[in-house]
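Visitor: Mind looking at a prediction? Sequence and model below.
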Amino acid sequence: MTESSIIPVFDGHNDVLLRLRRGSSNSVNAFLQGESAGHIDLPRARQGGLAGGLCAVFIPSPDQPRTENDDFPTPSQPDALNETLAMFRLLLAIEAQSNGAVKVCRSAADIRGSIADRRFAAVFHIEGAEAIAADLDALYVLHQAGLRTLGPVWSRPNVFAYGVPFRFRSTPDIGPGLSDAGKDLVRACNELRIMIDLSHMNEQGFWDIAKLSNAPLVASHSNAHAISPHSRNLTDKQLDAIRDTGGLVGINFGVLFLRDDGTRNADTPIELLVRHIAYIAERVGIEHVALGSDFDGTTIPQALGDAAGLPKLIDALRAHGFDDQAIRNIAHENWIRVLERSWGG
Ligand SMILES: [Zn+2]
């Protein structure tokens, strides 16, 4: 075992629940015993040092997949709520049947304890709040069930805001900001200490939340627009605002958001991922950059492969010149600190 492989990674974004829901086999066993499909299961997480992360509940648009530049239709609230409950139940079933190998974490102490005990630390995250109606009833109930982080939108509109459409060579400044219901949602998340994820917000929505929210600004899986001019990536001004609130950016491994040519080409070097990390560290400080793989949600560099390949990223960070403390910050400490501040312990 190389030295790098023992640095645990806590990751800001994965879509393993979506992949498991779409699979035909027994989803719980597929995760606990492993399978060849996708990027994450428990054996590969252990092999690569993936200690846990934010497990997204994402409801695909009706009629997905479409071409990269199409706009995505929005699922209905009842459909989204039903599917959200099913996906969260799946995560709870994985925890219940894992003999202690998986823990649904509701506090920073839970995450630290799970990493120390080598339990996979899963956090219940919603990516696009279609399941929640403007009355916010479901928000309060889901919070009691374990919801700890929420992105108001995915890249499509809903009652709260306008997600940023996928556009290459485009700023994120596409469309209007938060609705009145969106402002209520932000206030309620602050009250409940649910982390607000800005990754799929358009730029106006980002600034509306920056103005309104009392929590650190976090983009769980987005990259540097200066390197890859995709509408999903963050401008320098947005990075500065994230720094000013003590927030962070989780670097997305998706080649669409890494490359400067906008192609879904898996033949993308791991060093390009390191370039985004180094750029953000240089601009706003190492304490504001972490990982947000998008495992099981998008096309990642072939050379990294899946969760078992994380030590290759750690090695590339070391080769770039990051020292052990910097690597621990990027790999897990920054995420745990920012979640602790967002959640109030
Ligand atoms: Zn996403």
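Guide: In hand now; what should we look at?
Visitor: Number of residues surrounding the residue lying closest to residue 139 once chain neighbours are set aside?
Guide: Using C-beta to C-beta, 6 or more residues apart in numbering and skipping the chain neighbours, the partner closest in space to residue 139 is residue 132 (5.0 Å). Any C-beta I mention is one placed from the backbone N, CA and C, and that applies to glycine too. Summarising burial for residue 132: neighbours were counted as other C-beta atoms under 10 Å, giving 28.
Visitor: Looks to me like residue 132 is in a strand.
Guide: No: counting by DSSP: H, G, I helix; E, B strand; the rest coil, one finds residue 132 to be coil, located in no strand.
Visitor: quick one, what contacts it?
Guide: Counting by C-beta atoms under 8 Å, 6 or more residues apart in numbering, residue 132 makes contact with 77, 81, 126, 138-139, 142, 185.
Visitor: Can you pick out the ones from the residues you listed that are in helices?
Guide: Among the contacts of residue 132, the members falling in helices are 77, 81, 138-139, 142, 185 (criterion: DSSP state H).
Visitor: Now for those: which two are most distant?
Guide: 81 and 185 (15.0 Å; C-beta to C-beta).
Visitor: Neighbour count: the two, which is higher?
Guide: Residue environment comparison for residue 81 versus residue 185 gives the larger neighbour count to residue 185, 25 against 19, counting by other C-beta under 10 Å.
Visitor: pLDDT weak spots in the stretch 51-200 of the chain?
Guide: Judged against pLDDT under 70, the low-scoring parts of the stretch 51-200 of the chain cover residues 64-70.
Visitor: can you give me the strands in it?
Guide: 102-104, 120-127, 147-151, 195-196 (DSSP state E, counting those that start in this stretch).
Visitor: Including mean neighbour count and distance to residue 53, could these go into TSV?
Guide: Output for the strands of the stretch 51-200 of the chain, formatted as TSV (neighbours: other C-beta atoms under 10 Å; distance: least, C-beta to C-beta, whole Å):
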stretch	mean neighbour count	distance to residue 53
strand 102-104	22	12
strand 120-127	26	7
strand 147-151	26	11
strand 195-196	23	13
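Visitor: which SS class is residue 215?
Guide: What three-state DSSP gives for residue 215 is coil.
Visitor: Not counting sequence-adjacent ones, nearest residue to it?
Guide: When the adjacent residues along the chain are set aside, residue 215 lies closest to residue 342, with 5.1 Å between them (C-beta to C-beta, 6+ apart).
Visitor: Double-check that neighbour against residue 213; I have them as touching.
Guide: No: between residue 342 and residue 213 there is no contact under C-beta atoms under 8 Å: 9.9 Å.
Visitor: coming back round to it: could you check how far the residue nearest to residue 139 is from residue 97?
Guide: Residue 132 is 28 Å from residue 97, where distance means C-beta to C-beta, to the nearest Å.
Visitor: next one: residue 7
Guide: On the measure of C-beta to C-beta, residue 7 and residue 97 end up 28 Å apart.
Visitor: Pull the contacting residues for residue 267.
Guide: For residue 267, the set of contacting residues under the criterion of C-beta under 8 Å, 6+ apart consists of 301-302.
Visitor: so which helix or strand takes in it?
Guide: Residue 267 is part of no helix or strand when elements are defined by DSSP states H and E.
Visitor: What's the local residue count around the nearest residue to residue 115 once chain neighbours are set aside?
Guide: Ranked by C-beta to C-beta, 6+ apart and with sequence neighbours excluded, the top spatial neighbour of residue 115 is residue 51, at 4.6 Å. Using other C-beta under 10 Å as the criterion, residue 51 is surrounded by 23 other residues.
Visitor: just the contacts of residue 132 now: which is nearest residue 300?
Guide: Sorting the contacts of residue 132 by distance to residue 300 puts residue 126 at the head of the list, at 22.5 Å, by C-beta to C-beta.
Visitor: which non-adjacent residue is nearest that closest one?
Guide: Distances taken as C-beta to C-beta, 6+ apart put residue 150 closest to residue 126, at 4.6 Å, once the chain neighbours are dropped.
Visitor: How about residue 189, nearest residue that isn't a chain neighbour?
Guide: Spatially, and ignoring its direct neighbours in sequence, residue 189 is nearest to residue 196 (5.1 Å; C-beta to C-beta, 6+ apart).
Visitor: check contacts around that neighbour.
Guide: 149-152, 186, 189-190, 209, 213, 215, 218.
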